[in-house]
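Asker: Predicted model and sequence below, questions to follow.
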Amino acid sequence: MNHSSVGDIIEGTVVRVYPKYAIMLFDDGETGLLHISELSDSFVRNFTGYVQVGNIYKVKVIAYDEDKAFMKVSLKQLSGEERCSPLAKRRIESPDIDFAELEKKLPEWIKEENEKE
């Protein structure tokens, strides 16, 4: 399976938003986590004010876990030109996306991230 590599710039759709991170889904079926610390160079008080479900963003892959086919992605590591992409204005209208598998893995991913802090 071809997958994204660290440093790649890819586009994905926000499928779940939490107070400090969002889960994104990419065209090739991969998933990724956009943490509040990777949103902006400036302090972000309200993550959900910046990122909403259904929005499509270009992001940079900053870490990739081969075993889980799961990425950590960043908006702030993109250049200014890349950040200003009109992609963020598009939305997915289909509510038919199933996130059951992501929801099963989410507690494990959160636990791993909390142990790193």
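Answerer: Happy to help now that I have it. Everything quoted here is computed from the prediction, not taken from an experiment.

Asker: what sits against the closest residue to residue 19 other than its chain neighbours?
Answerer: Sequence neighbours aside, residue 47 is the residue nearest to residue 19 in space, at 6.1 Å (criterion: Cβ to Cβ, 6 or more residues apart in numbering). Quick note: C-beta positions are derived from backbone N, CA and C, even for glycine. Each residue near residue 47 by Cβ atoms under 8 Å, 6 or more residues apart in numbering is listed here: 17, 18, 19, 20, 21, 22, 36, 39.

Asker: Skipping its backbone neighbours, what lies nearest the last one in space?
Answerer: Same thing as residue 39. Closest to residue 39 by Cβ to Cβ, 6+ apart is residue 75, at 5.4 Å.

Asker: What is the neighbour count of that neighbour?
Answerer: When neighbours are counted by other Cβ atoms under 10 Å, residue 75 registers 19.

Asker: before we move on, what about residue 31?
Answerer: Number of residues near residue 31 (other Cβ under 10 Å) recorded here: 22.

Asker: Please name the residues that touch it.
Answerer: So residue 31 contacts 23, 24, 25, 69, 70, 71, 102 (Cβ under 8 Å, 6+ apart).

Asker: looking at this protein, which helix or strand does the model trust least?
Answerer: helix 80-83 (a mean of 65; mean pLDDT, DSSP states H and E).

Asker: State which helix of this protein is the longest.
Answerer: Longest helix of the chain, by residue count under DSSP state H: helix 100-116.

Asker: For that helix, name the packing helices and strands.
Answerer: strand 21-26, strand 31-35 (3 or more Cβ pairs under 8 Å, 6 or more residues apart in numbering; DSSP states H and E).

Asker: Low-confidence bits of the chain, can you list those?
Answerer: Within the chain, the segments meeting pLDDT under 70 span 1-2, 80-98, 117.
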